[in-house]
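Novice: 3D, please:
(one chain, ligands or ions: 2)
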Amino acid sequence: MKKSPNKIYCLGIESTADDFGVGISDKKGEILANISDAYIPNTGGIHPREAARHHAKVASDILNKAFILAEINPSDLGLIAFAQGPGLGPCLRTGATIARAMATYLGIPLVGVNHSVAHIEIGKLKTKAIDPVTLYVSGGNTIVSAFDSGKYRIFGETLDIALGNCLDVFAREAGLKYKKGVPLGAALEKMAIDGKNLISMPYVVKGMDVSFSGLLTAAIDLLHQNKYRLQDLCYSIQENVFAMVSEVTERALTHTEKKDILLTGGVAANKRLQNMISSIAKDHSVNFNTVPSEFAHDNGAMIAWTGLLAYRNGIITPIEDSMVKLKWRLDQVDIPWIK
Ligand code: ATP
Ligand code: FE2
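Specialist: Ligands and ions are numbered 1, 2, ... in the order given. Coordinates of the predicted model:
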């Protein structure tokens, strides 16, 4: 990649949860680098302080690699973007500290990016979706949204745990292991392929919102009864939880009359979920778009690209306003780049 002095390069830092990611984008959305390193706990779920320690440890190596891949120098950057929230406090603060230090040292502006907005914007950049209903499903989020009157509105969301978290907790309880490149949700998907019998589990959709905690408790109970094949349990969990989010997505689609569906977040990699959502798209004669895996799970490129969109619309984040926002909701963010 040959650098051009007229280009604004933005470096984006993602550190909301278990991944530390760095992406570099130019102002047209060409992604010059996108690399990350995941913290994998030895046992149990993510420990926020341990994840933050991991991020601090790998940060300089990941940053160096990103500059080498992009073939630019730090002095070529015009902007630093960072995920300001929502997420885990210690993890967010580690990324924010690095971003502030870089922006100050280089004398360039800083932009705090909402992580959920970034998932949608990178999805639009990397697919043909223009104005979609988005189903964003990950370890920490379950949101059905669409743009209306200046903001991404939330049409439906989880009332308790996120979909990915539900899959992960069950998978861990069933003894499945998280390996590099094979997250727990993917291990559960593999098991589900050999499932044949649909076991009854709580299916909870309240209005436009969903709830997974009752299903998770029931599934763990069934697991410990030792009466069912693990494959059938995994299959039944998937069928139920994916049908729940599909129902809400379909209703948001008919209400908004949008012409695209966008599926994103780490769980978007799941083939069964892709099938369900794409068949809804087909039924309603709209386009189904799923974000390529590299950009669907947490990544720095989505932060860099969204930072550029914001910056081009006059948004910068002064250092004194750059404290992290653990519970920063998608529908609290102004989106001036959509007219
Ligand atoms: P966020 O901060 O946006 O909530 P995250 O930290 O959970 O994101 P992601 O990489 O977006 O990170 O999502 C990870 C989730 O995706 C995990 O719950 C993981 O098990 C799940 N996942 C990954 N691949 C699959 C798959 N093939 N099927 C189902 N779930 C999957
Ligand atoms: Fe995410």
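
Novice: The stretch 1-150 of the chain against ligand 2: which residues are in contact?
Specialist: Within the stretch 1-150 of the chain, the residues that sit near ligand 2 (Cβ under 5 Å from the ion) are Ser138. Yep, even glycine has a C-beta here, placed from its N, CA and C like the rest.

Novice: need the strands for the stretch 1-150 of the chain, in chain order.
Specialist: Listed from the start of the chain, the stretch 1-150 of the chain has strands (DSSP state E, counting those that start in this stretch) covering 9-14, 19-26, 31-38, 77-85, 110-114, 133-137, 142-148.

Novice: Could you spell out the sheet neighbours of the fifth one, each with its direction?
Specialist: When pairing is defined by DSSP bridges, strand 110-114 lines up against strand 77-85 (parallel).

Novice: and the strand it pairs with, average pLDDT?
Specialist: Taken as a whole, strand 77-85 carries a mean pLDDT of 98.

Novice: Would you mind listing what in the stretch 201-339 of the chain touches ligand 2?
Specialist: Checking the stretch 201-339 of the chain against ligand 2 by Cβ under 5 Å from the ion, the hits are Asp298.

Novice: in the stretch 201-339 of the chain, what residue is nearest ligand 1?
Specialist: Gly266 (2.0 Å; Cβ to the nearest ligand atom).

Novice: so what's whichever residue of the stretch 1-150 of the chain sits closest to ligand 1 up against?
Specialist: Relative to ligand 1, the nearest point of the stretch 1-150 of the chain is Gly139 (2.3 Å; Cβ to the nearest ligand atom). Going by Cβ atoms under 8 Å, 6 or more residues apart in numbering, Gly139 touches Ala17, Asp18, Ala162, Gly164, Asn165, Asp168, Gly266.

Novice: cool, Gly112 as well?
Specialist: Contacts of Gly112 by Cβ under 8 Å, 6+ apart are Ala81, Phe82, Ala83, Gln84, Gly85, Ala96, Thr317, Asp321, Ser322, Lys325.

Novice: Give the bridge partners for Ala146, please.
Specialist: With DSSP bridges as the rule, Ala146 is bridged to Val133, Arg153.

Novice: Show me the strands in the stretch 151-300 of the chain, by range?
Specialist: Using DSSP E, counting those that start in this stretch, strands in the stretch 151-300 of the chain cover 151-157, 205-206, 209-210, 260-264, 287-290.

Novice: Mean pLDDT added to these, as a markdown table?
Specialist: Below are the strands of the stretch 151-300 of the chain laid out as a markdown table (pLDDT from 0 to 100):
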| stretch | mean pLDDT |
| --- | --- |
| strand 151-157 | 98 |
| strand 205-206 | 98 |
| strand 209-210 | 98 |
| strand 260-264 | 98 |
| strand 287-290 | 98 |
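
Novice: The worst-scoring helix or strand of the chain on mean pLDDT: what's the following helix or strand?
Specialist: Every helix and strand in the chain was compared by mean pLDDT, DSSP states H and E; the lowest is helix 293-296, with a mean of 94. Scanning forward in sequence from helix 293-296 by DSSP states H and E, the next helix or strand is helix 300-312.

Novice: okay, the strands of the stretch 1-150 of the chain in TSV with distance to ligand 1 next?
Specialist: Formatted as TSV, the strands of the stretch 1-150 of the chain follow (distance: least, Cβ to the nearest ligand atom, whole Å):
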stretch	distance to ligand 1
strand 9-14	9
strand 19-26	6
strand 31-38	8
strand 77-85	9
strand 110-114	11
strand 133-137	7
strand 142-148	9
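
Novice: For Leu330, which non-adjacent residue is closest in space?
Specialist: Ser116 (4.0 Å; Cβ to Cβ, 6 or more residues apart in numbering).

Novice: need the contact list for the one you found.
Specialist: Counting by Cβ under 8 Å, 6+ apart, Ser116 has contacts Pro86, Tyr136, Asn141, Ile143, Ser145, Tyr152, Arg329, Leu330.

Novice: let's see 10 Å
Specialist: Applying Cβ atoms under 10 Å, 6 or more residues apart in numbering, we find Ser116 in contact with 16, 83, 85-86, 134, 136, 138, 140-141, 143, 145, 152, 154, 264-265, 328-333.

Novice: With Gly314 instead?
Specialist: Gly314 neighbours (Cβ under 10 Å, 6+ apart): Pro336.

Novice: Helices along the protein, start to end?
Specialist: 48-70, 89-106, 115-126, 163-173, 184-192, 213-224, 230-256, 271-283, 293-296, 300-312 (DSSP state H).

Novice: now the angle from the third one to strand 31-38?
Specialist: Right, helix 115-126. 140 degrees (axes from the mean of the first three to the mean of the last three Cα atoms, to 10 degrees).

Novice: Val169 touches Leu163, doesn't it?
Specialist: No: using Cβ atoms under 10 Å, Val169 is not in contact with Leu163; the gap is 11.1 Å.

Novice: Go ahead and confirm Ser36 touches Val58.
Specialist: Yes: when contacts are counted by Cβ under 10 Å, Ser36 is listed as touching Val58 (8.9 Å).

Novice: Can you work out which residues contact both of the two?
Specialist: Contacts common to Ser36 and Val58, judged by Cβ under 10 Å, 6+ apart, are Phe20, Val22.

Novice: higher neighbour count, the two?
Specialist: Using other Cβ atoms under 10 Å, the more surrounded residue of Ser36 and Val58 is Ser36, with 21 against 17.
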